[in-house]
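Enquirer: attaching a predicted model along with its sequence, questions to come.
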Amino acid sequence: MKSESAFLNNEETTVSQEEGLYMTPEQLEFFRDLLLKWKSNLMVDVDKTIHHMQDEAANFADPNDRATQEEEFSLELRTRDRERKLMAKIDESLNRIDSGEYGICEECGIEIGINRLKARPTAELCIDCKTLQEIKEKQMAD
Ligand SMILES: [Zn+2]
């Protein structure tokens, strides 16, 4: 299973942000490519999980084995759920590239920044708004 950052760390990041140049056609192309590759990567993982579960589902003889297996399955289902959500976010980001909203903070409208997007291509908020959101979420959780 590949984590978000492991995949991104393996990607060559060739674009950088120059003064006054934000979301140029070249940069948009770079992120579109990155998002598409990421998505097909995830789809392979989801496929593997499904096949793995189909293979394993055959043998339910021993109750202990069954408990272990159910634990494994629920873990895999959670992983799949995470992957599905991530894929939905990737699709949203691709839509934002098409509509010209990609890389702009949804909350305050400023540029999210190339470096932040390279680390997190599905980011919809600038670092300030994201930090604020996390503080608020943390307060609600307490
Ligand atoms: Zn913002």
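Expert: Noted; the coordinates are in hand.

Enquirer: now do residue 134: how many residues are near it, please.
Expert: 11 (other C-beta atoms under 10 Å). (Glycine included, C-beta is placed from N, CA and C.)

Enquirer: check what pLDDT it gets.
Expert: On pLDDT, residue 134 comes in at 96.

Enquirer: tell me the secondary structure for it?
Expert: Secondary structure assignment for residue 134 (DSSP: H, G, I helix; E, B strand; the rest coil): helix.

Enquirer: and what of residue 94?
Expert: Going by three-state DSSP, the state assigned to residue 94 is helix.

Enquirer: any idea of the pLDDT on residue 14?
Expert: Here, the pLDDT recorded for residue 14 equals 63.

Enquirer: which element is the most centrally placed residue in the chain on?
Expert: Central residue of the chain (C-alpha atoms, centre = their mean): residue 86, 4.0 Å from the mean position. Residue 86 belongs to helix 63-99 when assigned by DSSP states H and E.

Enquirer: list the buried residues in that helix.
Expert: Residues of helix 63-99 classed as buried under the neighbour-count rule (16 or more other C-beta atoms under 10 Å) are 69, 76, 83, 89, 90, 93, 94, 96, 97.

Enquirer: mind picking the lowest-pLDDT entry from those residues?
Expert: residue 69 (82).
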